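J.: quick one, fold the following:
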Amino acid sequence: MGIISVIATVHRDNGAADSEALADILKLVSPDVIFLETPPGQMEHYFSKETLESRAIQILSKHQPIDLIPVDIHVMDKAEMLIFDRLFDFLENYGVEVARSIHERIYSSTRSQGFSFLNSTDYIESQSGLERLDDHIVETKGDEIIQGLYEKWKEAQASREHAMIANIAYYCKSQNFDHAVFLIGAAHIRSLRGMIERSKGDFIDTEWRFSV
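T.: Numbering: from 1, shown residues only. Predicted coordinates:
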């Protein structure tokens, strides 16, 4: 039975959550496979961005061989992303004090506790609180355009998450491995856990782990 350890991460160093810390975690897990939050065909771009994750992988690759498997899909390009600036500006402008407080707590806890916080129920509860606040702000203060952009954004993220789980399921059925790691942005972790739970039938010979 193959094991997949899911590690929620951030794309930029923030205090204790940095590339060296992630590399240390990866060395302990010693995966033979890493599933990446990037589409096929964009591996060069993934590593050229010099993200926290890409630097950690480069550190690990000096110690052991690893298969790197891109599992994301291309949903929209940079030009298409620009249409969401209006939505993001709206959410920032109407963000209530409690939302700012949650953002600050997530930032400071990530900085002080690193990956132990990003992979904790405390983080999931904080992120869930932010999502509920966004829902409320858009529903009560947003016009039809803002509400449409919000739905389109959520649909795009859900499409990516479903595709990543489906691509991992395909890999598990077609390849043998001992221990894989799935590196995923922390904001996706709550919804992905639900999808994985509902997709257990696709992972009969796979054990999922969600702690670091």
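
J.: lowest confidence element among the helices and strands of the protein?
T.: The weakest-scoring helix or strand in the chain, judged by mean pLDDT, DSSP states H and E, is helix 78-81 (a mean of 82).

J.: using CSV, write out every CA atom in the next helix or strand after it.
T.: Per DSSP states H and E, the first helix or strand lying C-terminal to helix 78-81 is helix 85-94. The C-alpha trace of helix 85-94 is given here as CSV (Å, rounded to 0.1, in the frame of the first residue of the first chain):
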residue,chain,number,x,y,z
ASP,A,85,-8.5,42.3,-9.4
ARG,A,86,-11.9,44.0,-8.9
LEU,A,87,-13.1,41.2,-6.7
PHE,A,88,-9.9,41.1,-4.6
ASP,A,89,-10.0,44.9,-4.2
PHE,A,90,-13.6,44.7,-3.2
LEU,A,91,-12.9,42.1,-0.5
GLU,A,92,-10.0,44.0,0.8
ASN,A,93,-11.9,47.3,1.0
TYR,A,94,-15.0,45.8,2.7
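
J.: can you give the contact residues for the strand or helix carrying E125?
T.: Assigned by DSSP H and E, E125 belongs to helix 121-141. With contact meaning CB atoms under 8 Å, 6 or more residues apart in numbering, helix 121-141 is reached by 8, 90-91, 94-96, 98-99, 102-103, 105-106, 109, 117, 146-147, 150, 186-187, 189-190, 193. Quick note: C-beta positions are derived from backbone N, CA and C, even for glycine.

J.: give the buried subset of these as a ChimeraX selection command.
T.: In ChimeraX syntax, the buried subset of the contacts of helix 121-141 is picked out as below (16 or more other CB atoms under 10 Å):
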select :8,90,91,94,95,99,102,106,109,117,146,150,186,187,189,190
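
J.: can you tell me how far the residue most central in space within the chain is from V138?
T.: Closest to where the C-alpha atoms of the chain average out (CA atoms, centre = their mean) is G185, at 2.1 Å. For G185, the distance to V138 equals 21 Å [CB to CB, to the nearest Å].

J.: buried residues in the least confident helix or strand of the chain?
T.: Buried residues in helix 78-81, counted by 16+ other CB under 10 Å: none are found.

J.: again with stretch 65-72
T.: By neighbour count on 16+ other CB under 10 Å, the buried set for stretch 65-72 is I66, I69, P70, V71, D72.

J.: how about stretch 147-155?
T.: Across stretch 147-155, burial judged by 16+ other CB under 10 Å covers L149, Y150, W153.

J.: narrow these to those in helices?
T.: L149, Y150, W153 (DSSP state H).

J.: without its sequence neighbours, what residue ends up closest to the first one?
T.: Counting by CB to CB, 6 or more residues apart in numbering, L87 is the residue found nearest to L149 once chain neighbours are left out, at 4.2 Å.

J.: nothing else from me, thank you.
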